[in-house]
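Q: I would like the atomic coordinates for the input below:
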Amino acid sequence: MNAVEVDLLIVGAGPVGLFGAYYAGVRGLKVAVIDSLSQIGGQVSAMYPEKQIFDIAGFPAISGRQLISNLAEQAARYDPLYLLGQEAQQLDRVARDGEPDLLVVKTSAGVEISTGAIVITGGIGTFTPRALPAGEDFLGRGLEYFVPSSTEYTGKDVVIVGGGDSAVDWALMLQPIACSVTLVHRREAFRAHHGSVEQLRATSVRIVTNSQVTRATGGDQLEGIEITVSGESEPRRLACQKLVAALGFTANLGPLRDWGMQLHDNRHLVVDSMMRTNVAGIFSAGDIADYAGKVRLIAVGFGEVATAVNNAAVHLDPAAQLFPGHSTDNPASEPVLA
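A: Numbering: from 1, shown residues only. Presented below is the predicted three-dimensional model:
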């Protein structure tokens, strides 16, 4: 597949992008969704799939994994095209008589996407985990930067490196199923939420502060690590078959930076009340979008992307109504009974 033609391209397959794919279907638009990650769900799937989220309307609590599954099921009715594991790169514009310019996006996988409008929902942009100084040779053979599923950690000696929310959340998640869990943090204080840290201290997780991993050992698979602890002359040796580096991420807009959109703080896309950027045909929603009074929550992003998609529909067809109607009036929104 080298060429794709759609009405709307959504850049980012996180929660906001998935809801945007559903809304594009409601508007009768053929949609493609591109993401640099190899799975849908964005940061939610990559960083905290098992964590409970409490501020999604209608759900007193829902795990990140279930939220993404629900959103994918909701969008699936309209058969969106997912282009995963590839980055949106070059943007070209082709003038058309009596119609909005055709936007042509070339991806890192060599796919050329022709579309009438784009909605960027890329969260914080392309995010890359900060590398662990020692043990990188074992990446994929025991060293991981994400914990998308807990099953591979059952009965294993697990070491988690970091002091933020992801590190503590993963330690709490894996402690009941792992043989042992050790949290290694280079400082005394944690960046993670105080309540989560206190919850962690009440478990069997071994916490080693003022320390860092200095060596990883093993053959085809990771077998152990050494950690250097401040004030100790000899390194500690720990059995370890699973090493999780939760050292944070660097975010980068990447090639989107060259698309001509106005930026705020050099990392967010400035939009108006219609979720339009300053580039005709390109809209934005979710954490990557910015305007006065912006609140960066998934719940807010859902409303923003509905606004963006509906305005994109009018951009594509100026005769179209902005208001899409109520879903309860649309027979296609009714559940399909087996």
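Q: Okay, buried residues for whichever helix in the chain runs longest please.
A: Ranked by residue count and defined by DSSP state H, the top helix of the chain is helix 298-316. In terms of neighbour count (16 or more other Cβ atoms under 10 Å), helix 298-316 has its buried residues at 298, 300-302, 304-313, 315-316. C-betas here are computed from N, CA, C, even on glycine.
Q: Tell me the secondary structure at residue 195.
A: helix (DSSP: H, G, I helix; E, B strand; the rest coil).
Q: can I assume residue 186 is in contact with residue 164?
A: No - Residue 186 is beyond contact range of residue 164, at 11.7 Å (criterion: Cβ atoms under 8 Å).
Q: The stretch 1-150 of the chain: helices as residue ranges?
A: Along the stretch 1-150 of the chain, the segments classed as helices by DSSP state H, counting those that start in this stretch run 15-26, 42-47, 64-76.
Q: which strands and helices sit next to the last one?
A: Other elements packing on helix 64-76 under the criterion 3 or more Cβ pairs under 8 Å, 6 or more residues apart in numbering; DSSP states H and E are helix 15-26, helix 42-47.
Q: domains of this structure?
A: 3-127+250-333, 131-247 (automatic domain parsing).
Q: Now mean pLDDT too, for those, in CSV please.
A: Formatted as CSV, the domains of the chain follow (pLDDT from 0 to 100):
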stretch, mean pLDDT
domain 3-127+250-333, 92
domain 131-247, 93
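Q: that older thread, comparing the helices and strands packed on helix 64-76, which stretch has the densest surroundings?
A: helix 15-26 (a mean of 28; mean count of other Cβ atoms under 10 Å).
Q: Tell me the bridge partners for residue 102.
A: With DSSP bridges applied, residue 102 shows beta-bridge pairing to residue 94.
Q: Pull the number of nearby residues for it.
A: 15 (other Cβ atoms under 10 Å).
Q: quick one: contacts for it?
A: 93, 94, 95, 96, 114, 115, 116 (Cβ atoms under 8 Å, 6 or more residues apart in numbering).
Q: How much space separates it from residue 44?
A: 32 Å (Cβ to Cβ, to the nearest Å).
Q: likewise residue 29?
A: 24 Å.
Q: buried stuff in stretch 207-218?
A: Applying 16+ other Cβ under 10 Å to stretch 207-218 flags 207, 208, 211, 212, 213, 216, 218 as buried.
Q: will you turn these into TSV that also has secondary structure and distance to residue 227?
A: Formatted as TSV, these follow (DSSP: H, G, I helix; E, B strand; the rest coil; distance: Cβ to Cβ, whole Å):
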residue	secondary structure	distance to residue 227
207	strand	12
208	strand	6
211	strand	5
212	strand	7
213	strand	5
216	strand	10
218	strand	15
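Q: Quick one: closest of the helices of the stretch 1-150 of the chain to residue 182.
A: helix 42-47 (20.2 Å; Cβ to Cβ).
Q: and that closest one, what other elements does it pack with?
A: Partner elements for helix 42-47 (3+ Cβ pairs under 8 Å, 6+ apart): helix 15-26, helix 64-76.
Q: Show me the residue sitting in the middle of the chain in space.
A: residue 42 (1.9 Å; Cα atoms, centre = their mean).
Q: tell me the contacts of the residue of the chain most remote from its centre?
A: In the chain, the residue that sits farthest from the middle, by Cα atoms, centre = their mean, is residue 233; the gap is 41.0 Å. For residue 233, the contact set (Cβ under 8 Å, 6+ apart) is empty.
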